[in-house]
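In: Let me see the structure of the following:
(2 chains)
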Amino acid sequence: MKDHYDPSIIEAKWQKKWEEAKLYRRHDSSDKEKWYFLTMLPYPSGDLHAGHWYAMSPSDAGARFKRMRGYNVWFPIGFDAFGLPAENAAIKHGLHPYTWTMANIERMRGQLRKLGTMFDWEHEAISCLPGYYQWTQWFFRKFYDMGLAYRDKAPVDFCPTCNTTLAREQVWGEDRHCERCGTPVIIKNLAQWKFRILNYAEELLDGLDQVQWPERVKTMQRNWIGRSEGVEFTMPVQGHPDLSFRVFTTRPDTTFGMSFAVLAPEHPLVEQIITPAQHEAVHDYVDAAKRKSELARQTDAGEKTGVFTGAYAINPVNQQPVPIWIADYVLMGYGTGAIMAVPAHDERDFAFARKYGLATPIVIVPSEVYAAGDATAWDEEAARTLAEAYSLKEGGVMVNSAAFDGTPWPRSFDATAAWLAEQAAGERKINYRLHNWLISRQRMWGVPIPIIYCPTCGTVPVPYEDLPVLLPEDAEFKPTGESPLKYHEGFRFVKCPQCGGDAEREIDTMDTFLCSSWYQYAYLSPYWKEGETLSADDIPWDAQVAEMWMPVDLYTGGIEHATMHLLYTRFFTKAMRDAGVVDFDEPMLRLFNQGMILGEDGEKMSKSRGNVVNPDDYVSQYGADAVRAFLMFIGPWEQGGPWNPRGIGGVQRFLHRVWTVAVNPPTTPTGATPSDRQIADLRRATHQTILKVTADYEEFKYNTMIAALMGFSNTLTTAKETSVYGSDAWNEAISSLLLMMAPAMPHISEELWQRLHKPFSIHTQPWPQGDPELAKEDVIEIPVQINGKVRDRIQVAAGADKASLETAALASEKIQAWIEGKTVRKVIAVPGRMVNLVVQ
RNA sequence: GCCGACGUGGCGGAAUUGGCAGACGCGACAGACUUAGGAUCUGUUGACCGCAAGGUCGUGGAGGUUCGAGUCCUCUCGUCGGCACCA
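Out: Numbers count the residues shown, from 1 in each chain, chains lettered A, B, ... in the order given. Sure thing, here's the model as predicted:
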């Protein structure tokens, strides 16, 4: 029979068969250990692109591998279906976002099936359906009840292109641009809903020690949370017995070195303390600071400006008056918006002091300098000529600090902190760079925030029984900077659930990151409750099922979510735990970040660059198996890299070779009986490959896994023309090859498995067991070096000990020629590795 | 500026963690089969010297440790990512 590998036929055939056989249905009762394998759910943008393939096919291979390894694997998928592109498409094409989104989902479902994935479609979740988002609202309501949701008016980041506010996490880069569209954000003063993620700051830090996540993601989260430990204390204003301000410092040990204090230009105290003489200068400066965009204020970092207020504060440790300045290098949004300036021990304060001629008294010196005992090293003259701030903590000793002189770090911190606590209303304090999560969005296509504003009762949460607050189907969706829902009177005007009077709904919708913060739970069981009313005691999933499957064992997805989704979903789980709905702390135990697949030009794929790769084209030409294997072969998964259209040909040739070696008989059958040697060689290759491939799958090293399979298939192609063909060892080799290919290339392996008359399905077969004994070489070639340079290679028994290695090396003719007339001073023999002769 | 990752043939990348650098694949070159080849198969392919046997050099650069370094240490250059006046 002359047939050849035709992926277009076999792939469709098996996809249908797998579905009919319900091969990937979840099993809730099983003796096997459960493995919840989750990949980040896609946004239904319309087409599955190369990036989806790069994220999903190796994930799928991982899930299939784990299943063959004997785990009860569950691998669900869904759609993160609220969000801006739907609205933008709606505006452009006059379609309702719902229609656009659902059509895309339908399309992408088909594409995901063509990929050959083992997704369990029975547990799909779609976040824009009322059955889903009623629970997103339920979470909001829970958090409200717990005091975790609040509304305040404050300066917030606003994207003028997306026409909505953003969370701090969604503002990226030096120019503070919108994470989604790249437009620099502007600052607006708006009343917005926020979640108190800061309540969990400490726990979000500690929890990182419990999860197996890439170190760089942990680092990014730690940086983002930005914990800093210090002391906050009170500075009285001289001549104003009723006025004082608080400052935060991480260096209470330097308080004696304070030579001025700085308030942020926005600090409320500024107005009350300016002296008439300074009035105009200060006002000019404050106005300029206000006008200055956030961007300019960032970019100007380094060039410090400020102005004296005319007022003085009292340094509590020595009662010295210090001038109060205002400067925009002090930010109102961090700490107290005011600092004590210690120029000798802080670079920024130093730069400011030198510019404006302020004193730089030295109060910390390195311990060696202190030990030398020469006080001229920290006297007034030394301070005057100081070239740069000495800001190290470790190894510093206090000087010019009265009773504290000689106190080294870190005792200096504790001692001065205690003193400030007693004498200056000070307290140890921990500040975080993390901001509370701003969740209000002025867009239509999102989850309505279930809040009602009543003139009589104030802010009233929508009762659980009234959820969901449905998104009106006929709402205007043009963004204006205010929520489009404002113009939908039927939505906006309601009766107050408490007093029954006229009231208005909150018109903003929620950040879509709320939807994706709990989707791993939504997959668990049907979450929609047709016609049922919700209550505070409900939970969105079956507790028993959650008990069985949560938390997620392995999560795969892109690094871009390091400080957004991955932070939010951890916060959600911790808050849910405190609400009593889950009993663990971390939702995702392990995390793997794949890299990004780039265009042929090595640049990020984008429509404007015209370098977008449409995988469908390649699938129709080469088949899904070839595209999957190619993406895995391209390089380390975590690294990503450019799409190279030529490389896929190599993978395709490999698949054809496998087909030929498995299906076609040898060109010239030998008919002879294989020797023991031939059998052993073949089995060695088989078991070496099994061991290598198994280890590679475990560690997501898919590129070397494919390489090993290629090598093995090359070996088999050669071996086929020898007398081992048709032997037990041969059959073992072929079935092992197919089994090892199955997770990565599910269709061709299933097809060939069937052609070898093996039982359906290859994907439910146990993983082949590698035998280290069979994999062992009996004779190995090792290099013999002279003074570290390879001069010969010798064949030795694999188990040869040092002495026999040495003997064999010295017996080599080439080696003898090299050492003739010289003295062998030392022989280093490493069994199984090499021999090195040190010769003089 | 701070923190982190990375730097290996013409290209993508390997290298059981200190022990044969360049696995596997792409590309290129040569050959076979072909009316044809942008199909398939076979072989060669780090650079330099040499007719050859063989030799020398070689993992961004400079030093160091070691019998032995892509791997460890010090300095340095470059690329990418994160944070950035956070007191």
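In: which stretches of the stretch 251-400 of chain A have low pLDDT?
Out: Judged against pLDDT under 70, the low-scoring parts of the stretch 251-400 of chain A cover residues A:292-302.
In: quick one: contacts for A:Thr101?
Out: The contact partners of A:Thr101, taken as CB atoms under 8 Å, 6 or more residues apart in numbering, are A:Pro44, A:Phe79, A:Ala81, A:Ala86, A:Cys128. In short, each C-beta sits where N, CA and C put it, glycine included.
In: could you redo the last one with a cut-off of 10 Å?
Out: Taking CB atoms under 10 Å, 6 or more residues apart in numbering as the contact definition, A:Thr101 lies against A:43-46, A:79, A:81-83, A:85-87, A:89-90, A:95, A:126-129, A:445.
In: distance of it from RNA strand B?
Out: In this structure, A:Thr101 and RNA strand B are 28 Å apart, going by CB to the nearest atom of the strand, to the nearest Å.
In: In a helix, that residue, correct?
Out: Yes. According to DSSP: H, G, I helix; E, B strand; the rest coil, A:Thr101 belongs to a helix.
In: So for it, what's the pLDDT?
Out: For A:Thr101, the model assigns a pLDDT of 95.
In: Ok, A:Pro472 next?
Out: In the predicted model, A:Pro472 carries a pLDDT score of 91.
In: Next: A:His4.
Out: In this prediction, A:His4 carries a pLDDT score of 83.
In: repeat for A:Val838
Out: According to the model, A:Val838 carries a pLDDT of 87.
In: try A:Cys454
Out: Residue-level pLDDT assigned to A:Cys454 equals 97.
In: Can you name the residues bridging to it?
Out: A:Gly458 (DSSP bridges).
In: Assign the residue in the stretch 51-200 of chain A that RNA strand B sits nearest to to helix, strand or coil.
Out: Taking CB to the nearest atom of the strand as the measure, the point where the stretch 51-200 of chain A comes nearest RNA strand B is A:Glu174, at 4.4 Å. Put simply, A:Glu174 is coil when judged by three-state DSSP.
In: For it, give its distance to A:Tyr329.
Out: A:Glu174 sits 16 Å away from A:Tyr329, taking CB to CB, to the nearest Å as the criterion.
In: neighbour-wise, which of the two wins?
Out: Between A:Glu174 and A:Tyr329, counted using other CB atoms under 10 Å, A:Tyr329 has the larger neighbour count: 19 against 9.
In: Quick check on the more buried one: phi, psi?
Out: phi -80, psi -10 (degrees, to the nearest 10).
In: For the residue nearest to it when sequence neighbours are not counted, which residues are in contact?
Out: Nearest non-adjacent residue to A:Tyr329, counting by CB to CB, 6 or more residues apart in numbering: A:Lys304, 5.3 Å away. Counting by CB under 10 Å, 6+ apart, A:Lys304 touches A:262, A:327-329, A:348-356.
In: circling back to that earlier point, just the buried residues of the contacts of A:Thr101.
Out: Using 16 or more other CB atoms under 10 Å as the burial test, the contacts of A:Thr101 include A:43-44, A:46, A:79, A:81-83, A:85-87, A:89-90, A:126-129, A:445 as buried.
In: Tell me where chain A is predicted with low confidence.
Out: Within chain A, the ranges that satisfy pLDDT under 70 run A:1-2, A:292-302, A:529-530.
In: Quick check: can you list the domain ranges of it?
Out: In the domain annotation for chain A, the residue ranges read A:136-224+A:436-510, A:228-431, A:644-775, A:779-839 (automatic domain parsing).
In: Tabulate those in CSV, adding columns for distance to A:Leu23.
Out: Shown next, in CSV, are these (distance: least, CB to CB, whole Å):
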stretch, distance to A:Leu23
domain A:136-224+A:436-510, 29
domain A:228-431, 52
domain A:644-775, 6
domain A:779-839, 43
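In: So which bits of stretch A:688-699 are buried?
Out: A:Gln688, A:Thr689, A:Ile690, A:Leu691, A:Lys692, A:Val693, A:Thr694, A:Asp696, A:Tyr697.
In: burial measure for A:Met564, as a count.
Out: When neighbours are counted by other CB under 10 Å, A:Met564 registers 19.
In: residues contacting it?
Out: By CB under 10 Å, 6+ apart, A:Met564 lies in contact with A:Ala167, A:Glu169, A:Gln170, A:Trp172, A:Glu179, A:Trp224, A:Trp437, A:Asp511, A:Phe513, A:Ser516.
In: Could you tell me which ones among these also sit near RNA strand B?
Out: When the contacts of A:Met564 are filtered against RNA strand B using CB under 7 Å from any atom of the strand, the residues retained are A:Trp172, A:Trp224.
In: Go through the contacts of A:Met564 and name the one nearest A:Pro472.
Out: Distance to A:Pro472, by CB to CB, is smallest for A:Asp511 among the contacts of A:Met564, at 20.0 Å.
In: got the contact list for the closest one?
Out: Residues in contact with A:Asp511, defined by CB under 10 Å, 6+ apart, are A:82-83, A:164-167, A:169-170, A:193, A:195, A:437-441, A:443, A:446-447, A:517, A:564, A:568.
In: what's the burial count for the residue of the stretch 601-750 of chain A found nearest RNA strand B?
Out: Using CB to the nearest atom of the strand, the closest approach of the stretch 601-750 of chain A to RNA strand B is made by A:Gly650 at 2.5 Å. Burial measure for A:Gly650: 15 neighbouring residues, criterion other CB under 10 Å.
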